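>>> Could you work out the structure for the sequence below:
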Amino acid sequence: MKVERFKIHHLADMKEAVPAFTVTDEDVSALLDRGMAFTGFVDGKAVAIAGIYRLHGKVGQAWALFAPEALKHPIALTRAVASGLLWITAELGRDRVQLTVQDGHLAGHRFAKFLGFEVEGYLKRYGLNGEDHWMYARVT
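Below is the predicted model of the structure:
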């Protein structure tokens, strides 16, 4: 998986691969106003976009969008996300990075733990449609 700094036009590939994505250019631009992101490519197509935005002080919130094609390359995806998050964390000077995983999303929980995140708590009705989530954090 080739990785490069995110550019807004990368989102078009993701929307083509996953028509159900409701993320807009404006949504991602708002995240980038407060942070950084990177894109993973397979065969020249963007299949993964992830980043960290600043919540406050040295605290960042990680986020990611994965097309189904990215999940066909689990080792490359994991390496790309791990190195990308380390790069952004260092670049932005974050001491704490957190993320949430929807309750019951077993692959998401395994992925967060593999990346060095630890469970901190349960968030009731946290998701866009009222889904419960788990809060994870990695503190340096």
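>>> Give me the buried positions along the longest helix seen in the chain.
If you go by DSSP state H, the chain has its longest helix at helix 74-92. Within helix 74-92, the residues that count as buried by 16 or more other CB atoms under 10 Å are A76, L77, A80, V81, G84, L85, I88, T89, L92. In this view, the C-beta of every residue, glycine as well, is placed from N, C-alpha and C.
>>> per-residue pLDDT, the last one?
Right, L92. Listed pLDDT for L92 reads 90.
>>> now do the third one
According to the model's per-residue confidence, A80 sits at a pLDDT of 93.
>>> I'd say it and V3 touch.
Yes: using CB atoms under 8 Å, A80 is in contact with V3, at 4.8 Å.
>>> Check the contact lists of those two and give me the overlap.
Taking CB atoms under 8 Å, 6 or more residues apart in numbering as the criterion, A80 and V3 both touch F38, G40.
>>> can you pull the contacts of the most centrally placed residue in the chain?
With distances taken as CA atoms, centre = their mean, A64 lies nearest the centre of the chain, 2.2 Å away. For A64, the contacting residues are A48, I49, A50, G51, V81, by CB under 8 Å, 6+ apart.
>>> Which of those residues fall within strands?
A48, I49, A50, G51 (DSSP state E).
>>> between the residues you listed, which is nearest H9?
I49 (11.4 Å; CB to CB).
>>> how does this structure divide into domains?
1-94, 95-140 (automatic domain parsing).
>>> can you tell me the distance between the two ends of the first one?
Taking CA to CA, to the nearest Å, domain 1-94 runs 25 Å from one end to the other.
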